[in-house]
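> got a sequence here, can you build the structure:
(one chain, ligands or ions: 1)
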Amino acid sequence: MNDDALRFEDVDVLYPRTADRSMRRLSKSLRPGNRRSRVQAAIAACDAGAERDEVARQHQVTVAVRHASLTVGRGEFVVVMGLSGSGKSTLLRTANRLTPVTRGHVWVPHEGTSIDVATCDPATLRQLRLTRIAMVFQQFALIPSRTVRQNVGLGLEFRGETLDTRNRVADEKLALVGLSDWADRHIGELSGGMQQRVGLARALATDADILLMDEPFSALDAVIRRKLQDELRALQAQVRKTILFVTHDIDEAVRLGDRIAVMQEGRIVQVGTPDEIRNAPASAYVADFLKQDR
Ligand SMILES: Nc1ncnc2c1ncn2[C@@H]1O[C@H](COP(=O)(O)OP(=O)(O)OP(=O)(O)O)[C@@H](O)[C@H]1O
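Numbering: from 1, shown residues only. The predicted model follows:
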């Protein structure tokens, strides 16, 4: 199993509901002091087989991810797909601990050993985020007051690299995504599709071998979106990153994924190649998804 890049092992993520002003007077159980015990009770209920709705009702806890296990091979492109609220983003965000895991492990091989992102110390986590795991967001998350080149060099700046290195690497990555002529422009001068290419170049600039992509193309119109899907696939063939990509669009999942993991109500209910999933959907839920495919 040395060629795994990322391994989710029995991951649970539970969110205790917090009281809003109207509820605060109503329910003592929503007070912060009770959150931990509510989560423990909710985990016990899940282990005993309770469904998500029941856990939410009885314990005021949302089961976002439930016992999810998934191995992503080095250089593999895995798409996580599912309806809104099925837990895709939450699972993805456990891979760099933007979301903490309630129970379970997220393993990343690093310097001859395996590190559990879910529990490692802050210094190790920071190191992993700066050198191994990069993220591309739906809303680009670029800094408008900075030039394209400066945005691409941001991760390297956090790492303390010199301006020369930052500019050299940024120019290399901008060439990869076809934006060499735009390096000195400001972000606001770029279209949405171009901004997302900058986001991608920024992720590539850190030399992270694992890219987490959370619905990166969903804010773009259909034509641009398709173009970027093709570009990303071509880029992937060239740079061989390990990619975990979230979408709710089956068409996108089939075009991009070496394998697809389908989530339903926090569970991974099927993992397979696009053909395997198309030829043998594991449930009516998965089959319904395939009907969106054109
Ligand atoms: N920070 C949070 N606090 C409380 N509940 C949350 C939080 N983030 C997500 N949830 C809940 O966890 C569940 C899973 O959400 P998540 O965003 O992971 O799903 P998703 O499949 O990515 O959905 P979408 O496609 O709409 O983004 C949902 O019920 C959501 O409301």
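
> neighbours around whichever residue of the stretch 151-294 of the chain sits closest to the ligand, how many?
Proximity of the stretch 151-294 of the chain to the ligand (C-beta to the nearest ligand atom) peaks at His248, 5.0 Å away. Every residue, glycine included, has its C-beta placed from N, CA and C. Residues within reach of His248, counting by other C-beta atoms under 10 Å, total 19.

> same check on Arg278?
Arg278: 16 neighbours (other C-beta under 10 Å).

> got it, and Ile260?
Neighbour tally, Ile260, other C-beta under 10 Å: 27.

> what is the helix or strand encompassing it packed up against?
Assigning secondary structure by DSSP states H and E places Ile260 in strand 259-264. With contacts taken as 3 or more C-beta pairs under 8 Å, 6 or more residues apart in numbering; DSSP states H and E, strand 259-264 sits against strand 77-82, strand 267-272, helix 274-279, helix 284-290.

> buried deepest among these, which one?
strand 77-82 (a mean of 24; mean count of other C-beta atoms under 10 Å).

> who is Ile268 paired with across the strands?
Following DSSP bridges, Ile268 is listed with bridge partners Met263.

> now the helices for this structure?
21-24, 35-47, 52-59, 88-94, 122-131, 148-152, 154-158, 163-176, 192-205, 222-239, 250-256, 274-279, 284-290 (DSSP state H).

> what sits up against the fourth one?
Contacting residues not belonging to helix 88-94 are listed as 8, 11, 13, 64-65, 68, 70, 80-82, 99-101, 106, 117-118, 212, 214-215, 244, 246-248, 263 [C-beta atoms under 8 Å, 6 or more residues apart in numbering].

> tally up the residues packed near the residue lying closest to Glu157 once chain neighbours are set aside, please.
Of all residues not flanking Glu157 in the chain, Arg166 sits nearest, at 6.1 Å (C-beta to C-beta, 6 or more residues apart in numbering). Look at Arg166: counted by other C-beta under 10 Å, it has 20 neighbours.

> which ones are touching Arg166?
153, 156-157.

> are any of those buried, and if so which?
By neighbour count, with 16 or more other C-beta atoms under 10 Å, those hold 153, 156 as buried.

> reformat the contacts of Arg166 as TSV; add pLDDT and distance to Leu128.
Shown next, in TSV, are those (pLDDT from 0 to 100; distance: C-beta to C-beta, whole Å):
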residue	pLDDT	distance to Leu128
Gly153	94	20
Leu156	90	16
Glu157	91	18
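
> filter the contacts of Arg166 down to the ones close to the ligand.
The subset of these lying close to the ligand, counting by C-beta under 6 Å from any ligand atom, is empty.

> relative to Leu190, which of the contacts of Arg166 is nearest.
The nearest member of the contacts of Arg166 to Leu190, counting by C-beta to C-beta, is Gly153 at 16.2 Å.

> sketch out the low-pLDDT regions of this protein for me.
Within the chain, the segments meeting pLDDT under 70 span 1-2, 19-33, 140, 292-294.

> spell out which parts of it neighbour the ligand.
Going by C-beta under 6 Å from any ligand atom, the residues of the chain near the ligand are 15, 62, 64, 82, 84-90, 248.
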